[in-house]
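[1] Sequence below, structure please.
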Amino acid sequence: MIALVLSSRPLQAKEYLPETASIRDAIPEKVDAMNVSTYELMLERLRLREYEPKIVLVVTSDMSESAYKWIPEVMGCLSKSDQTLFIIPKSEKDQYHLQVVIGELVQGSNWKGEVRLLGFNLTYQEIADQLSGYGQSDEEIQGITSEENENDEIDELTVLLGATEKAKGRDGYVIALTGPGSAGATTFALYHFPYLAQLNPEKEFLLVDLNEDKKDLVVATNSENYRLDYFITAFQKKKLENTILKYNSPYKSIPNLKVINAVQDQHKWTPNEIVMFLQKVRSEFDVIVFDVGQLRTSSNSQIRLLREADKVSVFVRPDSFSLNRTLSFKNILDKLPSELIITHFDSAYVSKSEIEKYIGLPVMGVVPYERGLIPKQGSTDIMEPSKAIVKDFVSYNWGVELTVAVKKKRLFFK
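    Numbering: from 1, shown residues only. Model (predicted):
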């Protein structure tokens with residue numbers, strides 16, 4: 001397999017590429033990199049047809065032409081279905097511009113080129129990791145029928161209001177974490193789900209940061225560069241099912257816990273895209289947890305996700321602002337599989353039954369007030385819950401069969 005790299009630094013061309021690049025269901029092939037230093041030389045190499053590279057990698061810091069010009073020109077030189085153009089933006093602004101350009105090319109024409117946008121601040125190894133697993137299935141290579149294309153054109157309102165049949169496979173259980181700001185949903189996710197993943201090594205867990213404008217979860221797990229919007233072209237072309245998404249495994253001791261960055265300051269997800277993503281990850285993971293941030297009635301994609309979730313966990317603090325903010329969304333929460341989780345809980349000041357009566361939603365459990373929630377310096381990157389917190393973790397009923405506690409060297413199942 002030969003790759004063509006546009007970079008003004010020839011000695012670095014091979015550093016961008018993996019030693020092998022695999023196509024799904026095929027034996028990985030050795031990558032041979034050829035470097036070109038100018039855009040004109042790249043087009044000349046592609047048009048000569050001396051060889052047909054399966055990877056074309058463009059470093060846009062060495063590109064002066066408009067993306068509206070060079071992307072169609074390069075893709076016009078790629079005649080085979082297993083050839084892919086990868087683009088490395090030079091900055092965050094350039095990355096956003098390229099997303100817009102690619103989106104317009106896909107939506108505004110019959111353009112069939114395969115193009116993938118990478119991050120602007122990735123290391124050589126991270127780029128190589130993303131290139132190493134790309135590929136298409138035989139079904140994707142052969143194309144889909146016009147009838148299937150018509151079926152994919154789902155009306156946005158229908159997607160928002162209707163129900164989606166779960167994908168076959170692992171039949172993943174979807175949990176959505178929401179609530180007023182600073183109620184502790186993200187902190188809870190960082191404590192609880194690594195804990196569950198350690199106890200359930202046979203199950204696959206996925207954490208999705210879907211906040212509107214914050215990325216606390218992905219920052220805490222060093223997952224910022226594992227962005228779902230790298231695959232926006234697959235969403236737009238309705239080809240997500242056979243696309244290999246890239247997830248981060250933040251903890252070496254918990255390989256069955258993955259994280260992906262879908263924070264919405266980078267791309268505002270539509271209900272259509274939420275449904276496509278859910279169909280894919282339900283078939284790949286046993287438990288999928290979305291940190292969706294504050295509940296927003298103006299966000300159709302968030303409402304769509306909450307309707308699709310098997311469990312909506314609403315985090316509240318026992319203070320007037322948090323409780324009244326939650327109560328203001330009662331008409332929406334009543335229509336969802338909602339249960340409360342009370343954080344910073346201290347039974348000396350308030351009882352679970354009092355909060356349950358005030359909000360009118362069942363209390364799933366509590367997280368006790370703890371002074372030592374912040375890990376000490378020098379500790380591991382995994383946020384280990386205290387014994388008091390674990391004791392309350394045992395009482396949660398997620399609705400999915402999981403090992404939920406280890407006590408006196410015996411396993412307790414829920």
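
[2] ok now do Q302, which residues does it touch?
    If you count contacts by CB atoms under 8 Å, 6 or more residues apart in numbering, Q302 has them with 210, 212, 292, 295-296. (Each C-beta comes from the backbone N, C-alpha and C, glycine too.)

[3] My error: substitute T123 in the last question.
    T123 neighbours (CB under 8 Å, 6+ apart): none.

[4] quick one: which of the contacts of Q302 sit in strands?
    V292 (DSSP state E).

[5] Let's see which of the contacts of Q302 end up in helices.
    Using DSSP state H, the subset of the contacts of Q302 located in helices is empty.

[6] In a helix, V390, correct?
    Yes: membership of V390 in a helix is supported by DSSP: H, G, I helix; E, B strand; the rest coil.

[7] Neighbours of it, how many?
    Burial measure for V390: 17 neighbouring residues, criterion other CB atoms under 10 Å.

[8] Now do it against D291, distance only.
    Per CB to CB, to the nearest Å, V390 is found 21 Å from D291.

[9] Also G113?
    34 Å.

[10] Please say which of these two ends up with more neighbours.
    D291 (26 against 19).

[11] My understanding was that F315 contacts G179; is that so?
    Yes: using CB atoms under 8 Å, F315 makes contact with G179 at a distance of 3.5 Å.

[12] what sits in contact with each of those two?
    With CB under 8 Å, 6+ apart, F315 and G179 have common neighbours A185.

[13] More neighbours: those two, which one.
    G179 (26 against 23).

[14] Got the confidence number for that one?
    You'll see G179 listed with a pLDDT of 91.

[15] Just confirm it contacts R296, I think it does.
    No: if you go by CB under 8 Å, G179 and R296 don't touch, sitting 11.9 Å apart.

[16] Just confirm E401 is within a helix.
    No: counting by three-state DSSP, one finds E401 to be coil, located in no helix.

[17] Would you mind measuring from it to D286?
    For E401 relative to D286 (CB to CB), the value is 9 Å.

[18] Which one's more surrounded, the two?
    Shown here are E401 and D286; by other CB under 10 Å, D286 has more neighbours (21 against 12).

[19] Without its sequence neighbours, what residue ends up closest to that one?
    Using CB to CB, 6 or more residues apart in numbering and skipping residues adjacent in sequence, the residue nearest D286 is K203, 4.0 Å away.

[20] shaky segments in the stretch 101-250 of the chain?
    107-112, 132-170 (pLDDT under 70).

[21] can you map out the strands along it?
    Taking DSSP state E, counting those that start in this stretch as the criterion, the stretch 101-250 of the chain contains strands spanning 115-117, 173-178, 205-209.

[22] Return the most buried member of those.
    strand 205-209 (a mean of 27; mean count of other CB atoms under 10 Å).

[23] Next, the angle strand 173-178 makes with that strand.
    Relative orientation of strand 205-209 versus strand 173-178 (axes from the mean of the first three to the mean of the last three CA atoms, to 10 degrees): 30 degrees.
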